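J.: Sequence plus the predicted model coming up.
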Amino acid sequence: MKKYMLVSLVIAFLLVTVGGPCLAGTVANTSKKGSLLIIPLIRTDFNVVTGESWETLITIANDNYYSVEVQCVFVLKDEGCTHFNQFDFPLTSNQPVTFRASDGYDLDGEDFLGGGIERGHVAEAKCWAKRILFDDDDNTTTTEVSYNHLTAEVTLLREVNGVGYGAASYSAWRFAANAPLGSQVGTPGTLLLTGDANNYDSCPAALIFDYLKQTPTPSDLEYVGSVDNYVAIVPCKQDFSQDGGPARIKLDIARRDENERSSSGALCLNCFVADSLDDAPYFPGLTTPAGAFTAKPFVPTSCPYAGGTECNLPSGYTAYPVVGVILKRFEGFLGPITAVTPTNEGEWAPDGACKGVAAITFPN
């Protein structure tokens, strides 16, 4: 980008001398500042039959007077979650940037960040702070860095036949680094989300979503206003260097309605889910106008696990913690929408008998 200079990389030399207290908590949430950001839902998809189309605006901000390099990885759901778009850009002192997911440009179309996924996709993204060191021969060394001054907001814009019909915004999940400002976090290419010293916050053990009864008929007088729940749930930890395709994940669902009746079900993820609850075959419905459900990663009592009825899990099953967001669409097809992040429940840890994904890993 035209106003970014390599001088921004002086963070590599300045921050390590500043130090500072540990600013991190134990488990990630969507309100703190962090060194790692997870964006569970990005939409640039369209429907030629209904005329509905989406754009996503991503804002990533730095509130510190130092500059920092930000690396992002986008994952496309509709390409089997194996297409990784990796890019990086610098943030200067106290700078926010906003760019379109469809083409990677800022809102005036002049500056390109490199994060475009083109039209027609549903995706997730993970972004984190890093530093780049140059030696005398211009060789570079890249490391992840503690920089708990990053935030991200996401805005989903919806059109129907070229006319705007609503927008929804949500905060990205934010993971602080449990290390002094500017210090290296972990091993290059591996982001440990374990909540302990010199690593990032832990993932939540489970997610609690509030949702509304599905009413596909907008004129339904019994539950007018609650039409659709679109849920995005993505792996909190992920291997971007894998060659064997995306992981399959099972989430155990515990649903409770307003009369305290409960039922159970499951959600199956092929890398991640982003869909209406109407399209989730093992998801329990509601008998009251509203309710809540808990989504918890399935961990079998013994390993290896020989498949699963709902999700066809592999025999060498590995448990994945997750994060997510829910979109609620009101008052029919053309009505407004709102985005809500779920509530954390505890700190995730793999079962003692079964392995769990330990980190976010990527080709460094």
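T.: Great, that's in hand.
J.: Quick one: low-confidence residue ranges for the protein.
T.: Along the chain, segments meeting pLDDT under 70 span 1-25, 79-80, 82-83, 134-139, 216-226, 242-246, 302-309, 331-333, 352-354, 364.
J.: And it, what are its domain boundaries?
T.: The chain breaks down by automatic domain parsing into domains covering 6-192, 204-361.
J.: export these to a markdown table and tack on mean neighbour count and distance to N198?
T.: No exception for glycine: its C-beta is placed from N, CA and C like everyone else's. Listed next are the domains of the chain as a markdown table, based on neighbours: other Cβ atoms under 10 Å; distance: least, Cβ to Cβ, whole Å:
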| stretch | mean neighbour count | distance to N198 |
| --- | --- | --- |
| domain 6-192 | 18 | 5 |
| domain 204-361 | 18 | 13 |
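J.: ok, which stretches of the stretch 251-364 of the chain are strands?
T.: 262-270, 273-276, 290-297, 322-329, 337-340, 343-347, 359-361 (DSSP state E, counting those that start in this stretch).
J.: Out of those, which is closest to T155?
T.: Smallest distance to T155 across those (Cβ to Cβ): 8.9 Å, for strand 337-340.
J.: ok, back up a step: with distance to F209 as extra columns, can I get the strands of the stretch 251-364 of the chain in JSON lines?
T.: Formatted as JSON lines, the strands of the stretch 251-364 of the chain follow (distance: least, Cβ to Cβ, whole Å):
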{"stretch": "strand 262-270", "distance to F209": "11"}
{"stretch": "strand 273-276", "distance to F209": "12"}
{"stretch": "strand 290-297", "distance to F209": "5"}
{"stretch": "strand 322-329", "distance to F209": "5"}
{"stretch": "strand 337-340", "distance to F209": "8"}
{"stretch": "strand 343-347", "distance to F209": "8"}
{"stretch": "strand 359-361", "distance to F209": "23"}
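J.: Identify whichever of these lies nearest to T187.
T.: Among these, the nearest to T187 by Cβ to Cβ is strand 359-361 (9.1 Å).
J.: Now do that closest one: distance to the chain's middle.
T.: From the chain centre to the centre of strand 359-361 is a distance of 14 Å (Cα atoms, centre = their mean, to the nearest Å).
J.: Pull the residues that contact that strand.
T.: Contacts to strand 359-361, defined as Cβ atoms under 8 Å, 6 or more residues apart in numbering, come from residues 36, 126, 128, 186, 189-193, 237-241.
J.: quick one: the helices in the chain?
T.: Here the chain has its helices, by DSSP state H, at 11-18.
J.: and the longest strand for it?
T.: Ranked by number of residues, the top strand in the chain under DSSP state E is strand 122-134.
J.: Give the partner strands of that strand in its sheet and their orientations.
T.: With DSSP bridges as the test, strand 122-134 is paired with strand 36-43 (antiparallel), strand 68-76 (antiparallel), strand 140-144 (antiparallel).
J.: Which among the ones you listed is found nearest to L181?
T.: Proximity to L181, assessed across these by Cβ to Cβ, is greatest for strand 68-76 (10.5 Å).
J.: how about the closest one as PDB, C-alpha atoms only?
T.: Extracted C-alpha coordinates of strand 68-76, given in PDB (Å, rounded to 0.1, in the frame of the first residue of the first chain):
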ATOM      1  CA  VAL A  68       3.400  -4.100  13.200                       C
ATOM      2  CA  GLU A  69       3.200  -6.600  10.400                       C
ATOM      3  CA  VAL A  70      -0.100  -8.600  10.100                       C
ATOM      4  CA  GLN A  71      -0.300 -12.000   8.400                       C
ATOM      5  CA  CYS A  72      -3.600 -13.500   7.300                       C
ATOM      6  CA  VAL A  73      -4.800 -16.900   6.000                       C
ATOM      7  CA  PHE A  74      -8.200 -17.200   4.300                       C
ATOM      8  CA  VAL A  75      -9.900 -20.600   3.900                       C
ATOM      9  CA  LEU A  76     -12.600 -21.100   1.300                       C
END
